[in-house]
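Trainee: quick one, fold the following:
(one chain, ligands or ions: 1)
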Amino acid sequence: MTASPPTTYPVPSDLYTEPADIDVDTLACLGPLRAMAGIWSGERGLDVKPKAEGPKKQAYVERIELQPIDPQTNGPQLLYGLRYHTHITKPGQVKTYHDQVGYWLWEPATGTVIHTLAIPRAQVAMAAGTTTADATRFELVATQGLETWGICSAPFIQQAFRTTSFRIEVTINADGSWGYEEDTVLMIRGQTEPFHHTDRNRLVKIAEPTPNPLANARR
Ligand code: HEM
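Mentor: Numbering: from 1, shown residues only. Below you'll find the predicted structure:
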């Protein structure tokens, strides 16, 4: 179950006091993101991308690393998270087809999942959704023009391939794998209809995550 991310927050009067008794074992506190921690391989990705002649489908292979970080506080706000890097090539090739870094964050107090992403096209986005700690399917959305949960692009792609929204749905499978389906909506210069730049893949675990520094030290 997923709801749209709230764009306001019940900010308390004390902006500085951190929560007491923070559990430093991030892997135990990741809510629905726990199933995504680790190193993953996806052999059957499918990308639909914009080309001059129209939409083009491309198969891809992917390696994603999602490693726990220490609990993060913004004063009273407490976030648990995974730092990630995904690297994508065409099958059998070395040359990078797509590269993306960022964080997946979980705020237990509000049931919010946050996905920050940066891609080397000079573009960043932050998507969010609300869900439950035991969810096995959840959706996150970023919308251009919002001051929160937005999208920011450098001038070339802003003018030539303006990204108006980004949506990702994650599904955690019973066999321990997980998958995503995402839709990046582009307004391409000279075209009147939005272009749906879509991607999907299923990820199989190839290594367990490394515990976050504070959890490691406690052991
Ligand atoms: C698995 C995920 C993704 C893959 C494999 C992928 C791949 C690609 C490729 C290969 C192109 C170039 C098309 C060409 O000119 O040949 C492209 C274009 C583009 N992508 Fe993605 N992409 C992914 C996700 C995203 C995301 C998450 C965003 C932004 C939120 C994004 C934004 C763009 C934009 C704005 C363009 C147009 C720029 C251009 O064609 O020069 N992509 N993508």
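Trainee: wait, isn't Ile69 in contact with Tyr84?
Mentor: No - judged on CB atoms under 8 Å, Ile69 makes no contact with Tyr84 at a distance of 10.2 Å. C-beta here means a position set from N, CA and C on the backbone, and glycine is covered the same way.
Trainee: out of the two, which sits in the more crowded spot?
Mentor: Between Ile69 and Tyr84, Tyr84 has the larger neighbour count (other CB atoms under 10 Å), namely 20 against 17.
Trainee: now the phi/psi pair for the one residue sitting closest to the centre of the chain, please.
Mentor: Using CA atoms, centre = their mean, the residue of the chain that lies closest to the mean C-alpha position is His115, 3.4 Å off. His115 has phi and psi values of phi -130, psi 110 when expressed as degrees, to the nearest 10.
Trainee: tell me what it is bridged to.
Mentor: When assigned by DSSP bridges, His115 has beta-bridge partners Trp104, Ala127.
Trainee: the one 4 residues further on too?
Mentor: Residues found in beta-bridge contact with Ile119 (criterion: DSSP bridges) are Gln123.
Trainee: so what's the closest residue to Arg137 other than its chain neighbours up against?
Mentor: Computed as CB to CB, 6 or more residues apart in numbering, the closest residue to Arg137 that is not its neighbour in sequence is Thr171, at 5.0 Å. Listed by CB atoms under 8 Å, 6 or more residues apart in numbering, the contact partners of Thr171 are Thr136, Arg137, Trp178, Gly179, Tyr180, Glu181.
Trainee: rewinding a little: identify the contacts common to Ile69 and Tyr84.
Mentor: Counting by CB under 8 Å, 6+ apart, the shared contacts of Ile69 and Tyr84 are Tyr103.
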